[in-house]
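>>> Generate coordinates for the sequence data below:
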Amino acid sequence: MYLTKEVKAEIFAKHGGEAANTGKSESQIALFTFRINHLTEHLKKNRHDYNTERSLVKLVGKRRSLLDYLKKTEINRYREIIKELNIRK
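Next up is the predicted model:
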């Protein structure tokens, strides 16, 4: 499996401050970005996998709503996470 406990803990530790801080917006955005990148690579190989395509669209929407929330409340944190993860608006 591509997303193990260790990978999740590493993502949360890097972006959330510690591995147990899973609710911070930055850590959730980083996790969604990791999953989006994985699904994008999968869809490049399997074009007609429509269930994965639907999951990808839903994940992008969730990440977008979290980014919009972060932009509204903390613009500096928004700019940092965009730069760090190379997300384009």
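
>>> pLDDT below threshold where in this structure?
Counting by pLDDT under 70, the chain contains no low-confidence range.

>>> which residues in it form strands?
For the chain, no strands are identified by DSSP state E.

>>> Which stretches in it count as helices?
5-16, 25-45, 50-73, 75-85 (DSSP state H).

>>> Kindly reformat those as CSV containing mean neighbour count.
In short, each C-beta sits where N, CA and C put it, glycine included. Shown next, in CSV, are the helices of the chain (neighbours: other Cβ atoms under 10 Å):
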stretch, mean neighbour count
helix 5-16, 15
helix 25-45, 17
helix 50-73, 14
helix 75-85, 14
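
>>> burial count for Thr22?
A count of nearby residues for Thr22, using other Cβ atoms under 10 Å, gives 14.

>>> typo on my end, Asp49
Neighbours around Asp49, by other Cβ under 10 Å: 14.

>>> let's have the chain start at 27 instead
Taking 27 as the first residue, the last one we looked at is Asp75.

>>> List the residues that contact it.
Residues near Asp75 by Cβ atoms under 8 Å, 6 or more residues apart in numbering: 68-69.

>>> ditto for the one 3 residues further on
Thr78 makes contact with 65, 68-69, 72, according to Cβ under 8 Å, 6+ apart.

>>> From Glu44, how far out is it?
From Thr78 over to Glu44 the distance is 32 Å, taken as Cβ to Cβ, to the nearest Å.

>>> ok so, going back, pick out whichever of the contacts of Thr78 sits closest to Arg89.
Nearest to Arg89 among the contacts of Thr78 is Leu65, at 11.9 Å by Cβ to Cβ.

>>> Which residue, other than its chain neighbours, is closest to that closest one?
Spatial nearest neighbour of Leu65, chain neighbours left out: Leu82 (4.5 Å); criterion: Cβ to Cβ, 6 or more residues apart in numbering.
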